[in-house]
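Trainee: how would this look folded up:
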Amino acid sequence: MNHKPVIDRRKFGAHSAATLAGLTLGVWTGPACSESKSPNEKLNIGCIGVGGKGWVDMHGVASENIVAICDVDEQRLDKAAAKFPAAKKFADFRKLLERKDVDAVTVSTPDHTHAVASIGAMKLGNHVYCQKPLAHSIYEVREMIRTAREQSVATQMGNQGHSESGSRRMVEWIQAGGLGPVREVHVWSDRPIWPQGIDRPKGSKPTPSHLNWDLWLGPASYRPYNDGYHPFKWRGFWDFGTGALGDMACHNMDAAFWALKLVAPTVVEAESSGVNSETAPKWSIIRYQFPQRGALRPVTLTWYDGGKNPPADLAPGQKLGTNGSLIVGDSATLFTPHYWGEGQIVKGSAAAKPEATIPDSPGHYQEWINACKGGPAALSNFDNAGPLTEMVLLGNIALRTGKRCRWDSENLKMEGLPEADQLIHPEYRAGWSL
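Mentor: Here you go, the predicted structure:
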């Protein structure tokens, strides 16, 4: 691919090397885009992946100029083209990125192509909105963060709860000490709602004429086409997705991760049923141990999926529902019975809520669009979203190794577990690279 030059109007203030730690502790108030489009000038956006969540993301940025659309599935591409007839169609995102008129892209592909598409775009100076989880591997996460800083582009991950007013009020309350010191968090989801704990489909089937299977595989190892991958059930397969945890934890864990200023866990342990080399498990329980952060106490965060739930006595008399979180403080327990948003006290007595300090969002997409045009950085930018995604992916390494994992964040190593190296930094198929 011939890289186009990064033009000055896309640049915004450089991030310091210390930003990663600082941003996970609260709201970034650093410099925004210094030379970019004016707020009244529309961005030219390319949408990579336009079916499923990509359809939602494409419409989320439709206030701007959708100039290019890309999908490996011709049927989905044609449906998007009918909605945006002026947009140029592409099957290969690398061809889309050769256009010199694109300012920004949305990346709404299966997990295993998030990084190659996003980094390819950022290296050309394009702003990026990428779906959660940010990447498929921890190495990719680090490269996403590094490239975004290096290229000084505006970024946002698609965990829209980060922009919900209720979520921001909960973060302020917890950080003001409303629950007392917090040592324990429990988070759960009804996922998977697709097959997991299964083997690879046997044999092969003819590839549908509307699907470019080789491009769909992207950097993943080649395998013949079969039912059960495209367009949705790929999530359970390790080569393409990140399972129930990768699908929902960037939503359900986000408020606790933000409010408690969590960074890298030191220890991760998992129990599950049905996990194998092909797919994520039928259910899992994953425990993360976080160290003391300044004056903040060490925290244990436990994740549950596949029908598993926290102990009932943590929220007596409450129906926990299909997704939610419990943040257990010394004074009170906060229950959020949703993916995100405002919760309620179910145990103990909480202090009064403080005055709002985190600005309300104009909307998750608009927040990113504004950042692209020189406004404040979007709050789920890759410096914030990267550490959250990394923590999530560490849970999958604990599942896949079946071992107690001691994480050396600085060196990207699991102590005493060399078999984890290939999960932290997997190899790509020939012809694909970051």
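
Trainee: mind checking the SS state of the nearest residue to residue 228 once chain neighbours are set aside?
Mentor: In space, residue 228 comes closest to residue 201 once its chain neighbours are excluded; the distance is 5.2 Å by CB to CB, 6 or more residues apart in numbering. The C-beta positions use only the backbone N, C-alpha and C, and glycine is treated the same way. For residue 201, the secondary structure call by DSSP: H, G, I helix; E, B strand; the rest coil comes out as coil.

Trainee: can you count the residues close to residue 201?
Mentor: Summarising burial for residue 201: neighbours were counted as other CB atoms under 10 Å, giving 17.

Trainee: Does it touch residue 225 like I think?
Mentor: No - between residue 201 and residue 225 there is no contact under CB atoms under 8 Å: 9.5 Å.

Trainee: Next one: residue 431 from residue 95, what distance?
Mentor: Between residue 431 and residue 95 the distance, using CB to CB, to the nearest Å, works out to 15 Å.

Trainee: The two: which has the busier surroundings?
Mentor: residue 95 (13 against 8).

Trainee: Now do the contacts for that one.
Mentor: Remark: with contacts taken as CB atoms under 8 Å, 6 or more residues apart in numbering, residue 95 is in contact with residue 70.

Trainee: Quote the end-to-end distance of stretch 371-384.
Mentor: Across its full length, stretch 371-384 reaches 15 Å end to end, with CA to CA, to the nearest Å as the criterion.

Trainee: Also stretch 211-229?
Mentor: Taking CA to CA, the span from the opening residue of stretch 211-229 to its closing residue is 12 Å.

Trainee: Name all residues that make contact with residue 65.
Mentor: Counting by CB under 8 Å, 6+ apart, the residues that residue 65 touches are 42, 43, 44, 45.

Trainee: Among those residues, which ones are in helices?
Mentor: Secondary structure from DSSP state H places none of these in helices.

Trainee: Closest one to residue 175 out of those, please.
Mentor: Nearest to residue 175 among the contacts of residue 65 is residue 43, at 33.3 Å by CB to CB.

Trainee: right, and the closest one touches residue 374 too?
Mentor: No - under the criterion of CB under 8 Å, residue 43 is not in contact with residue 374, lying 11.4 Å apart.

Trainee: residues shared between the contacts of those two?
Mentor: When CB under 8 Å, 6+ apart defines a contact, the residues bordering residue 43 and residue 374 alike are residue 37.

Trainee: And those two? Which one has more around it.
Mentor: More neighbours sit around residue 43 than around the other of residue 43 and residue 374, counting by other CB under 10 Å; the figures are 21 against 17.

Trainee: Quickly note the distance from the more buried one to residue 67.
Mentor: Remark: distance between residue 43 and residue 67 (CB to CB) = 9 Å.

Trainee: Likewise for residue 157?
Mentor: Relative to residue 67, and taking CB to CB, residue 157 is found at 23 Å.

Trainee: The two - which one has more neighbours?
Mentor: Neighbours per residue (other CB under 10 Å) separate residue 157 from residue 67, with residue 157 holding more: 31 against 20.

Trainee: can you tell me which residues contact that one?
Mentor: Contacts of residue 157 by CB under 8 Å, 6+ apart are 129, 130, 131, 132, 134, 250, 380, 381, 382, 384, 385, 389.

Trainee: just residue 430 next, same as before
Mentor: Applying CB under 8 Å, 6+ apart, no residues qualify as near residue 430.

Trainee: Confirm it sits in a helix?
Mentor: No - looking at residue 430 with three-state DSSP, it is coil, so not inside a helix.

Trainee: Check it and give its pLDDT.
Mentor: Reading off the confidence values, residue 430 has pLDDT 97.

Trainee: again, but for residue 27
Mentor: pLDDT, residue 27: 36.

Trainee: Same check on the one 4 residues further on?
Mentor: Residue 31 is assigned a pLDDT of 33 by the prediction.

Trainee: What of the one 4 residues further on?
Mentor: We note a pLDDT of 48 for residue 35 in this prediction.

Trainee: ok, now residue 290?
Mentor: 98.

Trainee: Quick check, it in contact with residue 268.
Mentor: No - no contact is recorded between residue 290 and residue 268 when judged using CB under 8 Å, the distance being 10.2 Å.

Trainee: Quick one: residues contacting the nearest residue to residue 216 once chain neighbours are set aside.
Mentor: For residue 216, the nearest residue in space outside its immediate sequence neighbours is residue 72; the separation is 4.6 Å by CB to CB, 6+ apart. Residues in contact with residue 72 (CB under 8 Å, 6+ apart) are 91, 92, 211, 212, 213, 215, 216.

Trainee: how much space between residue 72 and residue 207?
Mentor: Counting by CB to CB, the gap from residue 72 to residue 207 is 11 Å.

Trainee: next one: residue 199
Mentor: Separation of residue 199 from residue 207 (CB to CB): 21 Å.

Trainee: Need the single longest helix in this protein, by residues.
Mentor: helix 382-401.
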